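Novice: one predicted model, sequence on top.
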Amino acid sequence: MAPPSLARERSFAIVAEYGADGQYLRSVPNPDWVPKVAEGDRELSFYVSEMEAYLAPADADWVGRRLWALTEHWRQPDLPPEIEDIVNGDWVYIIGRYPQWAIQKACERWLDAEQRRPTIAGIRKLCDELVADAQMNLRIARRIRDG
């Protein structure tokens, strides 16, 4: 749970972005927001540490195994092993910057909803969506903590 100082400031730190047609697009950081300094806010510092751990990149070996398992559903049997290694390395390089929970959830969503072979960009987009709120909260919390 976010500390009160973050919950209070979040309402000022984020603004809605609307399209030309007036439809809501997304929430974005407010460029004019100046945080109230929360020096000595131990709860906020603990929250930042916890969020950094929550968003830490997954172990590369786990990422490789998880993504290999995902793509095995659409195996390409004629792919030479050395090319397969390069392809797997590309997946790990791009997707490996996300936390394990986000990668797992993205793979599950892909398998549940898609009938085509997964793409790095498709899984990355799902991961981006999954971590977006947590990343924004972490940016806000750091800015409050650091003044």
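Specialist: Arrived safely. Residues are numbered from 1 along each chain as shown.
Novice: skip the chain neighbours and tell me the closest residue to the residue nearest the centre of the chain.
Specialist: The structure's the chain has its C-alpha centroid closest to Val131; by CA atoms, centre = their mean the separation is 2.9 Å. Spatial nearest neighbour of Val131, excluding adjacent residues (CB to CB, 6 or more residues apart in numbering): Ala102 at 5.2 Å. C-beta coordinates here come from the backbone N, C-alpha and C atoms, glycine included.
Novice: residues in contact with the one you found?
Specialist: Cys127, Leu130, Val131 (CB atoms under 8 Å, 6 or more residues apart in numbering).
Novice: any idea how far it lies from Val92?
Specialist: 15 Å (CB to CB, to the nearest Å).
Novice: who's in contact with Leu79?
Specialist: Contacts of Leu79 (CB under 8 Å, 6+ apart): Val87.
Novice: on the three-state scheme, it is what?
Specialist: When classified by DSSP: H, G, I helix; E, B strand; the rest coil, Leu79 comes out as coil.
Novice: let's see the pLDDT reported for it.
Specialist: For Leu79, the model assigns a pLDDT of 79.
Novice: Val15 now?
Specialist: Val15 is assigned 76 on the pLDDT scale.
Novice: make sure I have this right: it is in a strand.
Specialist: Yes. Counting by three-state DSSP, Val15 is located in a strand.
Novice: in the chain, which spans are strands?
Specialist: For the chain, applying DSSP state E gives strands covering 14-18, 24-29.
Novice: most distant residue from the centre of the chain?
Specialist: By CA atoms, centre = their mean, the chain has its most distant residue from the centre at Asp78, 33.3 Å.
Novice: now that one: how far from Val87?
Specialist: Taken as CB to CB, the span from Asp78 to Val87 is 13 Å.
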